[in-house]
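Colleague: just the structure for this:
(2 chains)
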Amino acid sequence: MALEDICGFQDTPLHRKCFPASHFEDTAISFDCYSAEFRGLKKSGRDSGIPLQFFLPSLPNSSPFNHRSTSHFSPSKHSVTVRRPFPLSHGTTTLGFIFQGGVIAAADTRASAGGLVACPAVHKITPIHSHLVVTSSGSGADCMLWERILAREIRLYQLRHRRCLSICGTAKLLSFMLHPFKGTDVCVALTLCGWDKEAGNTDSSFITDNSSSAGFSSQDVSAIAYPSSPNRGPKLIYVCSDGARLQGDVFSVGSGSPYAYGVLDGRLRWNLSKDEAVSLAREAVFRATHRDAYSGNNVDLFHVTAQGWSRRKREELKEEYYRDMERRTKTVGERKRETALDALG
Amino acid sequence: MLSSQSYQDPGKMKDYHYSGPVEHRFSPYSFNGGTVLAVAGEDFAIVASDTRLSEGYSIHSRDSPKCYKLTDTTVIGCSGFHGDCLTLTKIIDARLKMYKHSNNKTMTSNAIAAMLSTILYGRRFFPYYVYNIIGGLDEHGKGAVYSFDPVGSYQRDTYKAGGSASAMLQPLLDNQIGFKNMEGVQHIPLSQERAVQLVKDVFISAAERDVYTGDALRLCIITKEGINEQTVPLRKD
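Modeller: From the prediction side, this is the model:
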């Protein structure tokens, strides 16, 4: 126990209960204020707002009020950066884009830690629910755990409110959950790729005047079709631990993203067929893995439509590299012959 | 492990000329060496570790195995900082007991893996310096290996090496068990005898080239009959 005091170890169960991540509960209230039952639930379950308990180290001679003041959970204020003796996994290429047939999400499968390939077959694209997949980039452990926390929160929302949270709502929830960790070395850059099944509710700020004329209530969700409503259809939103939350049509994240953007910007159009879109995504990841040292191994590809997500079989890029090498030797051979002919004639 | 050297005591192995006054902060971590390996087969799993406990240039103990039995079908191998290994295994044992008392059943291997992931991530800002590998049988009786990084990212594999000699052993396992980078070879499934022999050979090679690995090898073979332990001597120098 003396060691606990020296290290400032506040990990007792009693302390956990009083170490609230009350910040989470505050943020939970601020965007959920239209739902009265949620507040009732929050009182009954102590842990309803807290995704995960975190232990924060503190210096021995830091003032004691730091861990006594339990009103704010902000790891960036308290935590001393304990120097880690090991590298964490980073480095990736992921991309997502919207086209007429839905959303395509693609990623490589290499996890590198320092100069070593920690794992050659990681899943960087994870389904959260039937109509949402998330591509992850940044630190591997952070992404995996935050995806788990997000899936849990979305499922809880679905059980409490009997409907699926919209993709924009999911992105906002994730962004608010990550906000307390801004300034620490949590490194998470997720792209939510999904399809909104239902028309949005009345509180959403995206509803325009001409679509709300029928006066629908939040119960009346699937009956009325609003083809022009911006809330239905494919969505692509980028959320990062620095606080960015951006909606767009094409995103690529990671160390290999400049190479992927080059390929995508050249050939991406709205009216691609599904096969063309799949082959474009695959080509973009392939080129990025070729040029970026920290990306490689295989390509994972997911396609999200109104019916849900479907997964293409994981493809090893080794064969593709050999085919590409043959093509290159052929072009080099032709160029040599041409220059030789020019030199003669 | 190559990358861990750069994070260790930077003053010790570097150049010997005076470059100015340096302040050494107290580091709560220390590296105690050791290698752990796990292999999963069709109906068995093997978790193996060496038994050397070292620190810097000294050897603290020649008989400190790094495999810990969790349940009748699960063994965990922990290498890295020995203090954190001990505490982590105590915490896992306590959580296993709590689960048994509240749910009246033993935790399955994949449940233990998921739980360990959250335990490790709870210490994201002051991590347990432990490289974990869990080996065991899943609910269908097939072998399963779960490998972790120190902050909780995990993945189910067929084979994995962790610890100081992991960078040397993993490519060998990729070739012999995964048949990677071999052309025209028949992919025969791994039998228990071949797996045990492979693990012994692999550790003998590791003891040759890694200073932190040696003394003895402790093998835990997990089958539906139970856990069978073997000890094999290795180089003591």
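Colleague: once you drop chain neighbours, what's closest to residue B:111?
Modeller: Leaving out its chain neighbours, the residue that sits closest to residue B:111 by Cβ to Cβ, 6 or more residues apart in numbering or on different chains is residue B:99, at 7.9 Å. No exception for glycine: its C-beta is placed from N, CA and C like everyone else's.
Colleague: for residue A:319, grab the count of nearby residues.
Modeller: Residue crowding around residue A:319 was assessed by other Cβ atoms under 10 Å in any protein chain shown; the count is 9.
Colleague: and it, what element?
Modeller: With the criterion set as DSSP states H and E, the secondary-structure element containing residue A:319 is helix A:318-344.
Colleague: try residue A:144
Modeller: Counting by DSSP H and E, the secondary-structure element that holds residue A:144 is helix A:140-161.
Colleague: helix A:140-161 and the following helix or strand past that helix, what's the angle between them?
Modeller: On the C-terminal side of helix A:140-161, the nearest following helix or strand under DSSP H and E is helix A:167-178. Orientation note: helix A:167-178 sits at an angle of 120 degrees relative to helix A:140-161 (axes from the mean of the first three to the mean of the last three Cα atoms, to 10 degrees).
Colleague: and the helix or strand just after helix A:167-178, what does it pack onto?
Modeller: Toward the C-terminus, helix A:167-178 is succeeded by strand A:188-196 as the next helix or strand (DSSP H and E). Based on contacts counted as 3 or more Cβ pairs under 8 Å, 6 or more residues apart in numbering or on different chains; DSSP states H and E, the elements that strand A:188-196 packs against are strand A:94-99, strand A:102-108, strand A:132-138, helix A:140-161, helix A:167-178, strand A:233-240, strand A:250-253, strand A:298-305.
Colleague: with just CA atoms, put strand A:188-196 into CSV.
Modeller: Only the C-alpha atoms of strand A:188-196 are listed here, as CSV (Å, rounded to 0.1, in the frame of the first residue of the first chain):
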residue,chain,number,x,y,z
VAL,A,188,-7.7,7.8,-33.6
ALA,A,189,-8.9,8.7,-37.1
LEU,A,190,-12.1,6.9,-38.1
THR,A,191,-14.1,7.1,-41.3
LEU,A,192,-17.8,6.2,-40.8
CYS,A,193,-19.1,4.8,-44.0
GLY,A,194,-22.8,4.0,-43.9
TRP,A,195,-26.3,4.2,-45.2
ASP,A,196,-29.1,6.1,-43.4
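Colleague: just to revisit the earlier point, please identify the buried residues of the helix or strand where the residue nearest to residue B:111 lies?
Modeller: Element membership of residue B:99 [criterion: DSSP H and E] is helix B:82-103. Buried residues in helix B:82-103, counting neighbours by 16 or more other Cβ atoms under 10 Å in any protein chain shown, are found at B:82, B:83, B:84, B:85, B:88, B:89, B:92, B:96, B:99.
Colleague: one step back: just checking, what packs against the helix holding residue A:144?
Modeller: With contacts defined as 3+ Cβ pairs under 8 Å, 6+ apart, the packing partners of helix A:140-161 are helix A:36-44, strand A:89-90, strand A:125-129, strand A:132-138, helix A:167-178, strand A:188-196, helix B:109-121.
Colleague: just the residues contacting the last one, thanks.
Modeller: If I follow you right, that is helix B:109-121. Outside helix B:109-121, the residues that touch it by Cβ atoms under 8 Å, 6 or more residues apart in numbering or on different chains are A:52, A:141, A:144-145, B:70-71, B:73-74, B:76, B:88, B:91-92, B:95-96, B:99, B:107, B:127-128, B:132, B:134, B:136-139, B:144, B:146, B:148, B:150-154, B:156.
Colleague: of the residues you listed, keep whichever come out buried.
Modeller: The neighbour count (16+ other Cβ under 10 Å) marks A:52, A:141, A:144-145, B:70-71, B:73-74, B:76, B:88, B:92, B:96, B:99, B:107, B:127-128, B:132, B:134, B:136-138, B:144, B:146, B:148, B:150-154 as buried among the contacts of helix B:109-121.
Colleague: ok so, going back, run the angle between the helix holding residue A:144 and strand A:188-196 for me.
Modeller: Between the axes of helix A:140-161 and strand A:188-196, defined by the same axes, to 10 degrees, the angle is 40 degrees.
Colleague: pull out the buried residues from helix A:140-161.
Modeller: Neighbour counts over helix A:140-161 (16+ other Cβ under 10 Å) mark A:140-151, A:153-154, A:157 as buried.
Colleague: just send the helices and strands packed on helix A:140-161 back as JSON lines, with mean pLDDT too.
Modeller: Shown next, in JSON lines, are the helices and strands packed on helix A:140-161 (pLDDT from 0 to 100):
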{"stretch": "helix A:36-44", "mean pLDDT": "35"}
{"stretch": "strand A:89-90", "mean pLDDT": "64"}
{"stretch": "strand A:125-129", "mean pLDDT": "92"}
{"stretch": "strand A:132-138", "mean pLDDT": "92"}
{"stretch": "helix A:167-178", "mean pLDDT": "93"}
{"stretch": "strand A:188-196", "mean pLDDT": "93"}
{"stretch": "helix B:109-121", "mean pLDDT": "94"}
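Colleague: now mean neighbour count and distance to residue A:250 too, for the ones you listed, in TSV please.
Modeller: Written out in TSV, the entries for the helices and strands packed on helix A:140-161 read as follows (neighbours: other Cβ atoms under 10 Å in any protein chain shown; distance: least, Cβ to Cβ, whole Å):
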stretch	mean neighbour count	distance to residue A:250
helix A:36-44	11	35
strand A:89-90	22	23
strand A:125-129	19	16
strand A:132-138	25	13
helix A:167-178	21	16
strand A:188-196	26	10
helix B:109-121	20	31
